[in-house]
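**Student:** Give me a 3D structure for the following:
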Amino acid sequence: MHRYDPARQRLALGLAGLAGLVDATGFVVAGGYFTSFMSGNTTRMGVELAARPALALVPLGLIACFLAGVIAGALIGPRFAGRHKRVLLGLVAGLLGCGAASLAGGWPVPFLALAAAAMGLANNVFARDGEVTVGVTYMTGALVRFGQGIAGRIGGRPLPSTRGYGLLWSALAMGAAAGGGLCLVSPLLAAAAAFLAALVLWGFAFRVER
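**Tutor:** Residues are numbered from 1 along each chain as shown. This is a model prediction of the structure:
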């Protein structure tokens, strides 16, 4: 996070918030599975394999969709050097829009598949030389960096490289809270909000990359 200018940091925070919103919506729609938190799906898959093997196909399918999004983003991004953020975020918005339309039509499975693919794609927005520089849909690493930063301050050795990771985690948490609140009204409302949020981030990417 510390390597990026304030505008790109804000974009990363926005993406983390979007991930939280999408994940909370998917969690409600799927009945306890995730569209961006693949560690959780992997754990659920392991538990289901032991207890109810047929249900393991649900988290496995979500993991496959997420992985497909990661692969697609990693292939597409380098083809648009200097403007890959806007291209990838446009695709993320498109996938989430199609997902929201599917949910409106009474088809939750396509929504979950498209949302997971969108979140996989989103992880390529902040990438350099083929490697992710800021993970926007998974926060374990961010919490580790945040904790290391706190330890550094306590020990009198501040670590500039750890700055911003607490905010990144907070953005995802707030997005998840927003998604949970909207789902109390209607999961479709939460899905539509995720689509609109993605459109806003797509527009903001044009300012970041100009």
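**Student:** The helix or strand bottoming out on mean pLDDT in the chain pairs with which strands, parallel or anti?
**Tutor:** Ranked by mean pLDDT, DSSP states H and E, the weakest helix or strand in the chain is strand 131-132, scoring a mean of 75. Sheet pairing for strand 131-132, assigned by DSSP bridges, gives strand 127-128 (antiparallel).
**Student:** which residues sit against the partner strand?
**Tutor:** With Cβ atoms under 8 Å, 6 or more residues apart in numbering as the test, strand 127-128 has contacts from 74, 77, 133. Bear in mind the C-beta positions are built from the backbone N, C-alpha and C, glycine included.
**Student:** Can you lay out those residues as CSV showing neighbour count?
**Tutor:** Formatted as CSV, these follow (neighbours: other Cβ atoms under 10 Å):
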residue, neighbour count
74, 17
77, 20
133, 14
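**Student:** Include distance to residue 156 and pLDDT when you put these into CSV, please.
**Tutor:** Listed next are the contacts of strand 127-128 as CSV, based on distance: Cβ to Cβ, whole Å; pLDDT from 0 to 100:
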residue, distance to residue 156, pLDDT
74, 40, 93
77, 40, 91
133, 28, 77
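**Student:** before we move on, back to that, put the alpha carbons of the following helix or strand past the least confident helix or strand of the chain into PDB.
**Tutor:** Downstream of strand 131-132, the first helix or strand assigned by DSSP states H and E is helix 140-154. C-alpha atoms of helix 140-154 as PDB (Å, rounded to 0.1, in the frame of the first residue of the first chain):
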ATOM      1  CA  THR A 140      -5.200 -12.300   6.500                       C
ATOM      2  CA  GLY A 141      -2.000 -10.900   5.100                       C
ATOM      3  CA  ALA A 142      -3.200  -7.300   5.700                       C
ATOM      4  CA  LEU A 143      -3.900  -8.100   9.300                       C
ATOM      5  CA  VAL A 144      -0.400  -9.600   9.600                       C
ATOM      6  CA  ARG A 145       1.200  -6.500   8.200                       C
ATOM      7  CA  PHE A 146      -1.000  -4.300  10.400                       C
ATOM      8  CA  GLY A 147       0.000  -6.300  13.500                       C
ATOM      9  CA  GLN A 148       3.700  -6.100  12.500                       C
ATOM     10  CA  GLY A 149       3.300  -2.300  12.200                       C
ATOM     11  CA  ILE A 150       1.800  -2.100  15.700                       C
ATOM     12  CA  ALA A 151       4.700  -4.200  17.100                       C
ATOM     13  CA  GLY A 152       7.200  -1.900  15.300                       C
ATOM     14  CA  ARG A 153       5.700   1.200  16.900                       C
ATOM     15  CA  ILE A 154       5.700  -0.400  20.300                       C
END
